[in-house]
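Peer 1: no letters, just coordinates:
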């Protein structure tokens, strides 16, 4: 059975968490061969977010330094699954689609999966101004990083754990979402984008459209400049994705060796050797050369 960590950043989402947690299909995931942990990152909430999340069975991680990226970094550090899935705590993302999305990821042998919310069928769930801004930022991101992703701002991604150890993501705020996608695709990981249903937000809107949009624009160009310098350095001979894959393979081999050693030790401790009669032991000793 493979393990899945669902990481959900939350800022004053006590009202939405019951519906979000109820939408996670634990039974269907288990039937598909996934053990699941849910990590809710309380990003300095002033309501009962942490208490509600814990009462609903989530592992709560406290991140006192506010910021979308800060919350995710704390959540990823706490995650134990070999695959990580993300989504917001505002009822907009379809956690109930995870069994289907994971099936696609496994079947297509993908290491990083992005989701696209910007289809026509989802237009009613997003303000027109936000739709335009998302399309504009995604178009610019495609031009700069040439990865073909249609929704650079989507907050739902699924990726192999070793991807996170193979990339560098610096954004503390909302730009984290576009940066992790661009970093993973530029590092050479196998990636795919699939459409999802996007739903009407529950509760208070926390997006600061203009400041967040300007910050995202600035981050795109900074990341592009950093990416260009990184790729011209002599030390960049081995792709980051290959290093991460090799490290992950070594870790899996070490874990398998530890399990095998433990199994042998357990088996050996349960074996009782038959006692040898005293006379036979004496005779055997006299026959053996000194």
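Peer 2: In hand now; what should we look at? Bear in mind that the values here come from a model prediction, so they are computed numbers and not experimental data.
Peer 1: got the end-to-end distance for stretch 33-53?
Peer 2: End-to-end distance of stretch 33-53 (Cα to Cα, to the nearest Å): 25 Å.
Peer 1: can you pull the buried residues of that stretch?
Peer 2: Going by neighbour count (16 or more other Cβ atoms under 10 Å), the buried part of stretch 33-53 is 34, 36-43, 45, 48-50, 52-53. Quick note: C-beta positions are derived from backbone N, CA and C, even for glycine.
Peer 1: not including adjacent chain positions, what is the nearest residue to residue 197?
Peer 2: residue 94 (5.0 Å; Cβ to Cβ, 6 or more residues apart in numbering).
Peer 1: in stretch 126-140, what counts as buried?
Peer 2: For stretch 126-140, a neighbour-count test (16+ other Cβ under 10 Å) marks 126, 133, 134, 137, 138, 140 as buried.
Peer 1: I'd assumed residue 117 was in contact with the first one.
Peer 2: Going back to what we said before, that points to residue 126. Yes: with contact defined as Cβ atoms under 8 Å, residue 126 and residue 117 form a contacting pair (7.4 Å).
Peer 1: common neighbours of the two, please.
Peer 2: 134, 198 (Cβ atoms under 8 Å, 6 or more residues apart in numbering).
Peer 1: returning to that earlier point: does the residue nearest to residue 197 touch residue 194 like I think?
Peer 2: No: taking contacts as Cβ under 8 Å, residue 94 lies outside contact range of residue 194: 11.3 Å.
Peer 1: so where is the stretch 101-250 of the chain shaky, pLDDT-wise?
Peer 2: 205-207, 230-239, 243, 246, 250 (pLDDT under 70).
Peer 1: and the helices in it?
Peer 2: Secondary structure of the stretch 101-250 of the chain by DSSP state H, counting those that start in this stretch: the helices cover 128-145, 161-165, 176-187, 209-232, 240-269.
Peer 1: picking up where we left off before, and the buried residues of stretch 33-53, which of them are in strands?
Peer 2: 34, 36, 37, 38, 39, 40, 41, 42 (DSSP state E).
Peer 1: residues contacting the third one?
Peer 2: Which is residue 37. By Cβ under 8 Å, 6+ apart, the contact list for residue 37 reads 3, 4, 5, 6, 59, 79, 80, 81.
Peer 1: just these: which are in strands?
Peer 2: Per DSSP E, the subset of the contacts of residue 37 in strands is 3, 4, 5, 6, 59.
Peer 1: of those, select the buried ones using a PyMOL command.
Peer 2: Here is the PyMOL command that picks out the buried ones among those, judged by 16+ other Cβ under 10 Å:
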select buried, resi 4+5+6+59
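Peer 1: quick one: which of the ones in strands among the contacts of residue 37 is nearest to residue 170?
Peer 2: Closest approach between those and residue 170, by Cβ to Cβ: residue 5, at 21.9 Å.
Peer 1: where does the spatially most central residue of the chain land in three-state SS?
Peer 2: Closest to where the C-alpha atoms of the chain average out (Cα atoms, centre = their mean) is residue 84, at 2.6 Å. At residue 84 the chain is in strand, as set by DSSP: H, G, I helix; E, B strand; the rest coil.
Peer 1: just grab the bridge partners of it for me.
Peer 2: Under DSSP bridges, the beta-bridge partners of residue 84 are residue 5, residue 159.
Peer 1: just to revisit the earlier point, I'd like the ones in strands among the buried residues of stretch 33-53 as TSV, with pLDDT appended.
Peer 2: Shown next, in TSV, are these (pLDDT from 0 to 100):
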residue	pLDDT
34	98
36	98
37	98
38	98
39	98
40	98
41	98
42	98
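Peer 1: most widely separated two among the buried residues of stretch 33-53?
Peer 2: Using Cβ to Cβ, the pair of these lying farthest apart is 34 and 48, separated by 29.2 Å.
Peer 1: how about whatever helix or strand residue 74 lives in: buried residues?
Peer 2: Assessed by DSSP states H and E, residue 74 sits inside helix 68-78. Across helix 68-78, burial judged by 16+ other Cβ under 10 Å covers 68, 69, 70, 71, 72, 73, 74, 75, 76, 78.
Peer 1: all good on my end, thank you.
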